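Q: Sequence and predicted structure below; questions after.
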Amino acid sequence: MASKNKICTLKVGEIEKNPILALSTSEKDVERHGRVAQTYGNVTPAVVGQSGSAYRILAGQAWLEACAHNGIQEMPVVVAEISDSAEQMKLALLLSTVRQEGGALSEGTFIDTLLTDHGVTRRELMVLLKKSKSWISKRQLLALKLTSNVKGMVKDGVICARTAEEIARLPEDAQFQFACKVVRDCLSKTNVGQLVSLYTRTGSDGALRDAILESPQAVLDAYKVEPVKRRKENRSMGERIVNSTGFLIRMATELKGLLAKTEPQSLNMLIPDLSNLRVILADLRTVLDIILVGVSPGKPQGGETP
């Protein structure tokens, strides 16, 4: 269905953010676009949909936020001449899968909203996106079943979407604990799927399920499951550090809030774990102090003396 579109310039303040695209737009994305915006201004047009006099972003959310943060008042846009909200969602979803901009969390929410609230069928989405029924169902599962803290791990790049799709099959109260162990043990998506299938199969007892959540690698070893090598890491070391730092900050903030609300008698049971955490954090602080001193502003590179 071809539509006549127009290109124009809009004030940044006139364009509404898209809450679904925000699910997958990280601070790292905004910062990366911001570096370009600071040097060259906004050189990439966004795609917006119009409803009455209002405009909502359909592609380019990170650019929009970067412009707002850097004081850029206007940005070029392509206005899609589509007033129907379901069709706007279809376009945003399609652009997300083509440009790989929105991310799996946004795609899953778009899919679920279209299927649930707008009467769009899975067959229609399969034709639109050229994706399988399984792909669509797994993406929708991220929106329906994945807990918010595991979604945060996906957004921060700590775990990939395909691994999260497997984790979403677990009960909600087991997902985050298992996800953290997956990261700790560097488990592949295939091994995660094997463990989740073992956890959810009929006949698995409580002891096995507890073992999967506590020591997933040990369960793989006990069942003589061949470890599957993870695909070569595509992200640079810097990107991995940024993602892990964002995740750690998020978790530390959440932990601080939980500790403030917990009764003293309950905290007594957690003293061994909290003591271990304090030791790890002290070691991390030592490393950070060394690194930050080494890269402090004004320090000559390579240890040279001025």
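A: Yep, it's here.
Q: C-alpha only now, for contacts and for neighbours.
A: OK.
Q: where does the stretch 1-150 of the chain have low pLDDT?
A: 1-3, 99-102 (pLDDT under 70).
Q: What ranges does it have for its helices?
A: Using DSSP state H, counting those that start in this stretch, the helices found in the stretch 1-150 of the chain span residues 19-22, 27-40, 61-69, 85-99, 104-117, 122-129, 133-145, 148-155.
Q: what helices or strands is the longest one leaning on?
A: In terms of contacts (3 or more C-alpha pairs under 8 Å, 6 or more residues apart in numbering; DSSP states H and E), helix 85-99 is packed against strand 54-59, helix 104-117, helix 122-129.
Q: cool, and the second one?
A: Counting contacts by 3+ C-alpha pairs under 8 Å, 6+ apart, helix 27-40 packs against helix 61-69.
Q: Report the inter-axis angle for the helix it packs on versus helix 27-40.
A: Helix 61-69 runs at 60 degrees relative to helix 27-40, counting by axes from the mean of the first three to the mean of the last three C-alpha atoms, to 10 degrees.
Q: ok, and what's touching helix 61-69?
A: Applying C-alpha atoms under 8 Å, 6 or more residues apart in numbering, the contact partners of helix 61-69 are 12-13, 17-18, 21-22, 25, 29-31, 33-34, 37, 42, 44, 46, 73, 75.
Q: Only whichever of these are buried, select them in PyMOL.
A: Restricted to buried positions by 16 or more other C-alpha atoms under 10 Å, the PyMOL selection for these reads:
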select buried, resi 12+17+18+21+22+25+29+30+31+33+34+37+42+46+75
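Q: which residues touch the residue nearest to Glu172 when sequence neighbours are not counted?
A: Spatial nearest neighbour of Glu172, chain neighbours left out: Thr147 (6.2 Å); criterion: C-alpha to C-alpha, 6 or more residues apart in numbering. For Thr147, the contact set (C-alpha under 8 Å, 6+ apart) comprises Ala168, Glu172, Gln175, Phe176.
Q: are any of the residues you listed buried, and which?
A: Here, 16+ other C-alpha under 10 Å leaves Ala168, Gln175, Phe176 buried among those.
Q: Am I right that the first one is in contact with Arg139?
A: Spelled out, that is Ala168. No - the criterion here is C-alpha atoms under 8 Å, and Ala168 misses it with Arg139 at 10.1 Å.
Q: mind checking the SS state of Glu224?
A: Actually, residue 224 is Lys rather than Glu. Three-state call for Lys224 (DSSP: H, G, I helix; E, B strand; the rest coil): coil.
Q: how much space is there between it and Pro171?
A: Separation of Lys224 from Pro171 (C-alpha to C-alpha, to the nearest Å) stands at 25 Å.
Q: Can you pull the domain assignment for this protein?
A: Domain assignment for the chain by automatic domain parsing gives 6-145, 148-222, 237-284.
Q: In TSV: the ones you listed, plus distance to Val293.
A: Compiled in TSV, those are given as follows (distance: least, C-alpha to C-alpha, whole Å):
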stretch	distance to Val293
domain 6-145	24
domain 148-222	26
domain 237-284	14
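Q: before we move on, the earlier item: filter the contacts of Thr147 down to the ones in helices?
A: Taking DSSP state H as the definition of helices, the contacts of Thr147 contribute Glu172, Gln175, Phe176.
Q: Leaving out the residues flanking it, which one is nearest to the second one?
A: The spatial neighbour of Gln175 that comes closest, neighbours along the chain excluded (C-alpha to C-alpha, 6+ apart), is Ile167 at 6.1 Å.
Q: separation between Thr262 and Lys256?
A: Between Thr262 and Lys256 the distance is 10 Å, computed by C-alpha to C-alpha.
Q: That should have said Ser266, apologies.
A: 15 Å.
Q: Spatially central residue in the chain, please.
A: Residue closest to the average C-alpha location in the chain (C-alpha atoms, centre = their mean): Lys155, at 1.5 Å.
Q: need the contact list for that residue.
A: By C-alpha under 8 Å, 6+ apart, the neighbours of Lys155 are Leu23, Ser24, Thr25, Ser26, Leu105.
Q: redo that, cut-off 6 Å
A: Ser24 (C-alpha atoms under 6 Å, 6 or more residues apart in numbering).
Q: Looking at it now. What's its pLDDT?
A: In this model, Lys155 is scored at 84, pLDDT.
Q: separation between it and Gln177?
A: Distance from Lys155 to Gln177, by C-alpha to C-alpha: 17 Å.
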